[in-house]
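Visitor: got a predicted structure plus its sequence, pasted below:
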Amino acid sequence: MTSKKINKYDLILDAAVKVFADTGYYGSQVSRIAREAGVADGTIYLYFKNKEDILISLFRERLGELVGKFRESVEESANAGEALRKICEIHYTELERNPELAYVTQIELRQSSLELRKAIGQAVKPYIVLIESVLVQGIEEGTFRGDLDVKLSRLLIFGAMDEVVTSWLISGRKYSLAAQIEGTVAFFLRALRP
């Protein structure tokens, strides 16, 4: 892809985040996404099959970027506890910086069709796997309990962070999401330590 094509692709995804956050996925029109991106309606179809493809691509690309940041921070962490803290920090700070993306990932996902949720679930899977790898690392280091149910714990960690973000959005973002990092991590570590 040329940089011009990549730029339009990203412009369309950025516009889709704004439009989906503003009018909801089902209330959004491809023509409005095109207008927000500053491209012709037909240009959308050079990059995406339909509105569903835009939403799936949005999750794949934006969550892929976040997972890349998570991986880097985990690799730089001295131990599993620090890695878990970095994951929580990135999760909260990135979504607080981009409340429209937070809205789309937290609210729209739950209102999508089963097929759409399955496709988006594939984009979330690398994140869940990364959390699992941190848990396994912690068990191997002796930082986390050896009897930990890793599959259940990874879902509980992801689900807890997910719920904190959802509650922040529902409250109208009346407080700092990043200010919840320390409390969240302390809660996780109390549950995970031997």
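Guide: That came through, no problem. Residues are numbered from 1 along each chain as shown.
Visitor: when you work out contacts or count neighbours from here on, use the C-alpha atoms and nothing else.
Guide: Noted.
Visitor: contacts for stretch 157-175 next, please.
Guide: Outside stretch 157-175, the residues that touch it by Cα atoms under 8 Å, 6 or more residues apart in numbering are 88, 91-92, 95, 99, 102-103, 106-107, 128, 131, 177, 184, 188.
Visitor: any idea which residue sits dead centre in this structure?
Guide: Central residue of the chain (Cα atoms, centre = their mean): L63, 4.7 Å from the mean position.
Visitor: hang on, isn't that residue packed against K125?
Guide: No - in terms of Cα atoms under 8 Å, L63 does not count as a neighbour of K125; the distance is 9.9 Å.
Visitor: how would you label S28: helix, strand or coil?
Guide: The local conformation at S28, judged by DSSP: H, G, I helix; E, B strand; the rest coil, is coil.
Visitor: list the contacts for it?
Guide: For S28, the residues meeting the contact criterion (Cα under 8 Å, 6+ apart) are 19-20.
Visitor: same deal with I87?
Guide: Taking Cα under 8 Å, 6+ apart as the criterion, I87 is in contact with 70, 73-74.
Visitor: from those, which is closest to G38?
Guide: Nearest to G38 among the contacts of I87: F70, at 31.7 Å, using Cα to Cα.
Visitor: in which helix or strand would I find the closest residue to the closest one other than its chain neighbours?
Guide: Closest residue to F70 apart from its sequence neighbours, by Cα to Cα, 6 or more residues apart in numbering: I87 at 5.7 Å. Mapping I87 onto the secondary structure by DSSP states H and E places it in helix 80-97.
Visitor: distance from the chain centre to that helix, please.
Guide: Put simply, helix 80-97 sits 11 Å off its chain's centre (Cα atoms, centre = their mean, to the nearest Å).
Visitor: stretch 142-160 now?
Guide: On the basis of Cα atoms, centre = their mean, stretch 142-160 sits 19 Å off its chain's mean C-alpha point.
Visitor: residues of it that come out buried?
Guide: Residues of stretch 142-160 classed as buried under the neighbour-count rule (16 or more other Cα atoms under 10 Å) are 143-146, 148, 150, 153-154, 157-158.
Visitor: that older thread, output the contacts of I87 as CSV; include the columns neighbour count and secondary structure.
Guide: Supplementary listing: these in CSV, determined by neighbours: other Cα atoms under 10 Å; DSSP: H, G, I helix; E, B strand; the rest coil:
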residue, neighbour count, secondary structure
F70, 23, helix
S73, 18, helix
V74, 23, helix
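Visitor: could those residues be laid out in TSV, adding distance to E52?
Guide: Formatted as TSV, the contacts of I87 follow (distance: Cα to Cα, whole Å):
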residue	distance to E52
F70	26
S73	31
V74	32
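Visitor: show me what secondary structure element comes after whichever strand or helix holds S167.
Guide: Taking DSSP H and E as the criterion, S167 maps to helix 150-170. Using DSSP H and E, the helix or strand that follows helix 150-170 towards the C-terminus is helix 181-192.
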